[in-house]
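Asker: what's the 3D shape of this:
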Amino acid sequence: MQKRCKSFLAAVLSVSFLHSVMFGAFPAGAADASRSGGQTVVLQDAAGIAASETTDSAAETTAPAETSTSAAATETTAAATAPDTILTAETTTTETTATETTTTETTTTTAPVVLPVPELTAEFEPGIPTGDTVMYVKLLEHTGVQAIGISVVLPEVLSADADESGTCMLMFSDAFDEENTFTYYNAESHTLSLVCAGMDASSEETEVCRIPLHIAEEAEWGKEYPVKLLLSSLALSDGRTFTDIESQVQFVPEESAVRTLSETAIAKNEAGESVQLSLSPAPPEGSCRWESSNPEAVSVTEDGLITFLKEGYADITVTCEKRSYVCSVVIRFNRSLNCETIEAKDNGDTFQLALEPAPDVPVQWESSDTAVLSIDENGLAAAHRNGTVTVRVFSDSFEYVFPVSVVIPREISESTCRLTERGKQHRLSVLPAPPDEIQWSSDHPEIASVFSDGTVIPLKNGKTVIRAVCEQIEYTCEVTVKFTYALNFTDVAFKNAGEGVALALLPKDDEMPAVHWQSSDPEIASVDGEGNVTVLKKGEAVIYCVADGVTYTCHVTLLPYLRGDVDSSTVIDITDAQLTLQYYTDSLAMKKGALRAHQLLAADVDENGIVDLDDATMILAYFTENLAQKEPTWEDIIFQMTGQS
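Answerer: Now for the predicted structure:
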């Protein structure tokens, strides 16, 4: 029932009444074994102490039987003091003496009744900040209340309605006598005192009262606020009494009602328009606050009407019931970038970027990937590699984002190549050179392999594709490996008929084609199917070798020659010495000499099979002695130069 609390004076008088009720006369022999602080209370029976009955079944009791009786009494005492549930136990002990006289003692023990300590607790109705809630104060585990005194310490975010005297409106349980229920609320300490007496002793009602409370605006939803409960005094119908039992519960404010903003993002490309924003469900009129983060660009009224004023962006925020809702607004004029694709000739080429139409405020430039395209503060862009970036142009009042592609036309140095010399390196490259490393690979590395710098090595006849990948672009070169062959001799001279030489096409490998041999004049020089040549008489002939459609030749000579007459002029002079010396220096420089085979026979004056500096010196000595008319012989010249005849 609802009840207006009595005056504070009446409440004070009720405390005296409660004291007389709670600490007055109770049934005789009842022992107060209550404890505070939530501990278990042991209530003994009406006799005060559990009794033990002993029956002797023998006429005489021997000494051992007395010992047995003492042990049984000890077990009975232990069972009577154990704090457990309601128990009744019987213990029988039997002892037999040496004279076969048996004494039996039977002890019956009644365990104490263990009752739980009452618990004071509270529950709350859901409530949001600035709203109201109801606290339900409950007393659990009791056997009927005769009188109760309670103090409740509220957190600062909760308050009770009370007048100047501290009286307030409460709803006590119907089990209490309305004439003996009193309250007092101290607003400074947030403490509510309750005194209740005259409850129906047979009632096991758990609810004591309901307390209407107000939730402060600063309360945070989801946060726990402690509420302290003190059971200062309690008298139960079973005769037990309690004092100072404390407990604590938590009050958690509910989240404010979730609302939906009519728009969360608005974009316009011109000024002057207006849009009405609203919350749904609609909050109480005047309970919301509207704000614009950039009122010069977008204004908002106190009822949510926004107006677009100039280019820029703003966040429109409405705050209602401690919750904020945001609508992002952008006014951006339609502009474009002067360039969507930048075509550069080489790395580092620059281009001037600009917005069209040009804004009347300074702008800033940003590139999403400066390794592809970098931009300075004036919009001057430098191309570095192929790719696509995002260019951001922005100021305090607007922002634009454009995709820009960078194209630097590159090509491989050769799209096709033919390699004919075994083991000879061939270099490929991508031009203009990209800033990143190039990944080289060969489709058939057993035909031609490629190193990381683009160097190609031919290995066997066949075709393969060399691939170069950089900046996610692939370049290719088709490589054909076709090794060429050569005869081991291309010019041979002989001194006597019947001499010969074995010609061969080199190098020899598994892919060697079929070879055909032929002499231009078989009467001068003959050749068999294996390339063996024999000179038959004086003259010159050409030996032909045809393989895989290619013809290779070797000149064969058997001519009379004058020893030392290198140029075949029939005169040994300084020219012959110069030709011999030139051939020797070319060989030192690993150059091919200009002398024919029969000329080399004439130049090898010491006939050691080598044309060297000694031969050139001997020819010069022979020439100078001729000038001196000494009629030199080659034996004399050789002996003079080497000491050997």
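Asker: what residue ranges in the protein are flagged as low confidence?
Answerer: Within the chain, the stretches with pLDDT under 70 are 1-111, 177-178, 198-203, 645.
Asker: so where do the helices sit in it?
Answerer: 8-22, 63-81, 574-588, 597-603, 613-627, 634-642 (DSSP state H).
Asker: So for stretch 565-580, first residue to last residue, what's the gap.
Answerer: Stretch 565-580 has its terminal residues 10 Å apart, counting by CA to CA, to the nearest Å.
Asker: Figure out how far it is from the centre of its chain.
Answerer: Mean C-alpha position of stretch 565-580 versus that of the full chain (CA atoms, centre = their mean, to the nearest Å) differs by 85 Å.
Asker: Next: stretch 435-447.
Answerer: In terms of CA atoms, centre = their mean, the centre of stretch 435-447 is found 32 Å from the chain centre.
Asker: Leu140 is in contact with Glu123, correct?
Answerer: No. Glu123 is not in contact with Leu140 according to CB atoms under 8 Å; the separation is 11.3 Å. Where you see a C-beta, it was placed from the backbone N, CA and C, and this is true even at glycine.
Asker: what does stretch 255-272 rub up against?
Answerer: Stretch 255-272 is contacted by residues 128-129, 221-222, 275-281, 283, 306-311, 318, 320-323, 325-334 when judged by CB atoms under 8 Å, 6 or more residues apart in numbering.
Asker: now stretch 368-380
Answerer: Outside stretch 368-380, the residues touching it (CB under 8 Å, 6+ apart) are 342, 350-354, 363-367, 381-393, 404, 406, 435.
Asker: and with 7 Å instead?
Answerer: 342, 350, 352-354, 364-365, 367, 381-385, 387, 389-391, 404, 406 (CB atoms under 7 Å, 6 or more residues apart in numbering).
Asker: State the distance from Ile438 to Glu263.
Answerer: 53 Å (CB to CB, to the nearest Å).
Asker: the more surrounded of those two?
Answerer: Neighbours were counted for Ile438 and for Glu263 using other CB atoms under 10 Å; Ile438 has more, 19 against 15.
Asker: what sits against the more buried one?
Answerer: Each residue near Ile438 by CB under 7 Å, 6+ apart is listed here: Val430, Gly454, Ala468, Val469, Cys470.
Asker: List the buried residues for stretch 214-230?
Answerer: Ile215, Ala219, Trp221, Tyr225, Val227, Leu229, Leu230 (16 or more other CB atoms under 10 Å).
Asker: May I ask you to confirm that Leu279 is in contact with Thr319?
Answerer: No. Leu279 is not in contact with Thr319 according to CB atoms under 7 Å; the separation is 10.5 Å.
Asker: can you list residues touching both of the two?
Answerer: Shared contacts of Leu279 and Thr319, defined by CB under 7 Å, 6+ apart, are found at Cys288.
Asker: More neighbours: these two, which one.
Answerer: Neighbour totals were compared for Leu279 and Thr319, and Leu279 leads with 19 against 13 (other CB under 10 Å).
Asker: If we ignore the residues flanking it in sequence, what's nearest the more buried one?
Answerer: Arg259 (4.4 Å; CB to CB, 6 or more residues apart in numbering).
Asker: and if you look at Thr307?
Answerer: Closest to Thr307 by CB to CB, 6+ apart is Ser274, at 4.5 Å.
Asker: before we move on, what about Gln276?
Answerer: Leu305 is the one closest to Gln276 (CB to CB, 6+ apart), at 5.3 Å.
Asker: just Thr416 next, same as before
Answerer: Going by CB to CB, 6+ apart, Thr416 has Glu478 as its nearest residue, at 4.8 Å.
Asker: for Gly127, same thing?
Answerer: Nearest one to Gly127, counting by CB to CB, 6+ apart, is Thr133 at 3.3 Å.
Asker: Please apply the same query to Tyr583.
Answerer: Closest to Tyr583 by CB to CB, 6+ apart is Gly593, at 4.1 Å.
Asker: In contact with the one you found, which residues?
Answerer: Counting by CB under 7 Å, 6+ apart, Gly593 makes contact with Tyr583, Asp586, Ser587.
Asker: can you list the residues you listed in JSON lines and add neighbour count?
Answerer: As requested, these are exported to JSON lines (neighbours: other CB atoms under 10 Å):
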{"residue": "Tyr583", "neighbour count": "22"}
{"residue": "Asp586", "neighbour count": "14"}
{"residue": "Ser587", "neighbour count": "14"}
